[in-house]
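Engineer: sequence unavailable; structure follows:
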Ligand SMILES: NC(=O)c1ccc[n+]([C@@H]2O[C@H](COP(=O)([O-])OP(=O)(O)OC[C@H]3O[C@@H](n4cnc5c(N)ncnc54)[C@H](O)[C@@H]3O)[C@@H](O)[C@H]2O)c1
Ligand SMILES: O=c1ccn([C@@H]2O[C@H](COP(=O)(O)OP(=O)(O)O[C@H]3O[C@H](CO)[C@@H](O)[C@H](O)[C@H]3O)[C@@H](O)[C@H]2O)c(=O)[nH]1
């Protein structure tokens, strides 16, 4: 029986390994983590992450050929294939701070594998890493190898949160990069065989190591670039009276461009896009390519602009101040169908409003008060370290922020409502009831274009929707910078 061990029981390690276990009954999969709490949650009825369809997959295989454990050494020792799916945050200190990927967790994982292994192993990079990481990892493994043969493969993950199970069941492609030596090719084949249990052969791409590593960063950069492109156009739509949904539809009808990933928003969030583009920028700079670095950096610049533009809209519409005004925030997760808040645009928008002394009342169906308070108190990039290693006691913002478990409670007595996540339930709320319970004039700022602005204007709201023709009220407000 092939034995797989995965280091890192997070948003990638957990779902990916659960699906491998489901689709490959003859493979034993053990997911290990340094976080005792996380492993305990994977072994309970309350999984540590919310992901549609995940409970079902885990229930089918846990205890059969899928196990979650903190006995890292034992399971690395027994494995034929070791996946490494640990955090690769942005560095906060030293060389490359604010851009380069911090490979501390990866390096310590590699050192542990080298120390423990007593038999040959295929080591798979599942984490997103800078190009040439495999070379560094190889050096660590080989220098400590005691004659053991390690083959390192790059097998980046392309799942998106909220649709992870669907993406894993039916991936657009599986990418495997390896050394072009006979041993390297054998290792690629061994991993290919695992995926071939459910992924059609023509969707399994094999490349050299560096192409695989770079493809992951490039794919995220291209995806994020589409969002920044449509968001840049959304600002121009607001200035000209064009409607970004109509523009995106017309543009996306060109088969060379395609319709997906063209929804204007308050900005992209999530643990990957910003981190991976910053990493790409740093790699370009290190390779003497400042023009290429600056091209990709602008994708993030436009994203930051979109978030601050949104805050400015809110403040300038409401008589240029939100001080002491209650603002309801509907949605805190970085997208619907996840409880993940890493790099969510809601953090920057809330911080912007808090900077103008607003009182914020937040509702998100999947995010707890503790998480929100921590997010609003954490320093930039601290969020991407293992949860149990993050600072514990958030301060300051508590009095200005309340968190409710009900959209009607959050909006009661509010001067304005900001929709920051596209949860389906937000388009179905009773907006007449919400309007009646709000201060007047009642404002709504839709950062996800989930409500029909015309219908809400008929109720009496002053409405701002990203990239849509402006409300007459907003047209008369001071110009925005
Ligand atoms: N989240 C996504 O949608 C996504 C998609 C594709 C790729 N990725 C990449 O996958 C990697 C992991 O991302 P994630 O979202 O799963 O992160 P995560 O924070 O949810 O999970 C990482 C886990 O690794 C554990 N860990 C850290 N060091 C360890 C060690 N030495 N041994 C064992 N466990 C260790 C942490 O405790 C944590 O539970 C990152 O490189 C990320 O960029 C993420
Ligand atoms: O048209 C769009 C599409 C997305 N978003 C936003 O973009 C962010 C990222 O969304 P998405 O890409 O769907 O989720 P992630 O889980 O971050 O997945 C991305 O990042 C992962 C981590 O690397 C990759 O594996 C995936 O392929 C890649 O889609 C979210 O805030 C979305 O709301 C928009 O604003 N407009």
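Structural biologist: Looks like it came in fine. None of these values were measured; they are calculated from a predicted model. Ligands and ions are numbered 1, 2, ... in the order given.

Engineer: in contact with residue 100, which residues?
Structural biologist: Contact partners of residue 100, counting by CB atoms under 8 Å, 6 or more residues apart in numbering, are 90, 91, 130, 278, 279, 282. The C-beta positions use only the backbone N, C-alpha and C, and glycine is treated the same way.

Engineer: pick the one among these closest to ligand 2.
Structural biologist: The nearest member of the contacts of residue 100 to ligand 2, counting by CB to the nearest ligand atom, is residue 279 at 11.0 Å.

Engineer: chain neighbours aside, what residue packs nearest to residue 440?
Structural biologist: Counting by CB to CB, 6 or more residues apart in numbering, the nearest residue to residue 440 once its immediate chain neighbours are dropped is residue 460, at 7.7 Å.

Engineer: contacts only, for that neighbour.
Structural biologist: Listed by CB under 8 Å, 6+ apart, the contact partners of residue 460 are 435, 440, 442.

Engineer: can you report how many residues lie near residue 335?
Structural biologist: Residue 335 sits with 21 neighbouring residues when counted by other CB atoms under 10 Å.

Engineer: so it sits right up against residue 162, yeah?
Structural biologist: Yes - judged on CB atoms under 8 Å, residue 335 makes contact with residue 162 at a distance of 5.7 Å.

Engineer: show me where pLDDT drops low in the stretch 251-400 of the chain?
Structural biologist: For the stretch 251-400 of the chain, the stretches with pLDDT under 70 are 389-398.

Engineer: could you pull out the helices for it?
Structural biologist: In chain order, the stretch 251-400 of the chain shows helices spanning 273-286, 290-317, 345-355, 369-377, with DSSP state H, counting those that start in this stretch as the criterion.

Engineer: which SSE is whichever residue of the chain sits closest to ligand 1 in?
Structural biologist: Among the residues of the chain, residue 10 lies nearest to ligand 1; the distance is 1.8 Å by CB to the nearest ligand atom. Secondary structure assigned from DSSP states H and E places residue 10 in neither a helix nor a strand.

Engineer: do I have it right that it meets residue 84?
Structural biologist: No - Residue 10 is not in contact with residue 84 according to CB under 8 Å; the separation is 11.6 Å.

Engineer: the lengthiest helix in the chain near ligand 2 at all?
Structural biologist: Residue-count comparison of every helix in the chain, with assignments taken from DSSP state H, identifies helix 209-240 as the longest. Yes - with CB under 6 Å from any ligand atom as the criterion, ligand 2 is reached by helix 209-240 at 220, 223, 227.

Engineer: name the helices or strands packed onto that helix?
Structural biologist: The helices and strands touching helix 209-240, judged by 3 or more CB pairs under 8 Å, 6 or more residues apart in numbering; DSSP states H and E, are helix 133-143, strand 150-154, strand 174-178, helix 244-252, helix 273-286, helix 290-317.

Engineer: that one - what's its average pLDDT?
Structural biologist: Averaging the model's pLDDT scores along helix 209-240 yields 97.

Engineer: off-centre distance for it?
Structural biologist: Helix 209-240 has its C-alpha centroid displaced from the chain centroid by 14 Å (CA atoms, centre = their mean, to the nearest Å).

Engineer: when you give positions from now on, start the count at 32
Structural biologist: In the new numbering, first residue 32, that becomes helix 240-271.

Engineer: is ligand 1 within reach of that helix?
Structural biologist: No - Helix 240-271 stays clear of ligand 1 (CB under 6 Å from any ligand atom), getting no nearer than 7.4 Å.

Engineer: got the angle between that helix and helix 304-317?
Structural biologist: 120 degrees (axes from the mean of the first three to the mean of the last three CA atoms, to 10 degrees).

Engineer: could I get the helices of the stretch 282-431 of the chain as TSV with mean neighbour count?
Structural biologist: TSV is the format used below for the helices of the stretch 282-431 of the chain (neighbours: other CB atoms under 10 Å):
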stretch	mean neighbour count
helix 304-317	22
helix 321-348	18
helix 376-386	21
helix 400-408	18
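
Engineer: and the ones you listed as a markdown table, adding distance to residue 185?
Structural biologist: As requested, those are arranged in a markdown table below (distance: least, CB to CB, whole Å):
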| stretch | distance to residue 185 |
| --- | --- |
| helix 304-317 | 14 |
| helix 321-348 | 21 |
| helix 376-386 | 30 |
| helix 400-408 | 31 |
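
Engineer: which one of those helices lies nearest to residue 447?
Structural biologist: Nearest to residue 447 among the helices of the stretch 282-431 of the chain is helix 321-348; the distance by CB to CB comes to 6.3 Å.

Engineer: so which elements touch the closest one?
Structural biologist: Using 3+ CB pairs under 8 Å, 6+ apart: helix 321-348 touches helix 240-271, helix 304-317, helix 376-386, strand 447-450, strand 474-477, strand 493-496, helix 503-506.

Engineer: for the second one, the distance to its chain's centre please.
Structural biologist: A distance of 16 Å separates the C-alpha centroid of helix 304-317 from that of its chain, computed with CA atoms, centre = their mean.

Engineer: other residues contacting that helix?
Structural biologist: Counting by CB under 8 Å, 6+ apart, helix 304-317 makes contact with 119-121, 127, 129-132, 159, 161-162, 247-249, 251-252, 254-255, 299, 321, 323-324, 327-328, 330-331, 334, 374, 415, all of which sit outside it.

Engineer: surely residue 78 and residue 85 touch.
Structural biologist: Yes - using CB under 8 Å, residue 78 makes contact with residue 85 at a distance of 6.2 Å.

Engineer: what residues are shared contacts of the two?
Structural biologist: With contacts taken as CB under 8 Å, 6+ apart, the residues that reach both residue 78 and residue 85 are residue 45.

Engineer: surely residue 48 is in a strand?
Structural biologist: No - read with DSSP: H, G, I helix; E, B strand; the rest coil, residue 48 is helix and lies in no strand.
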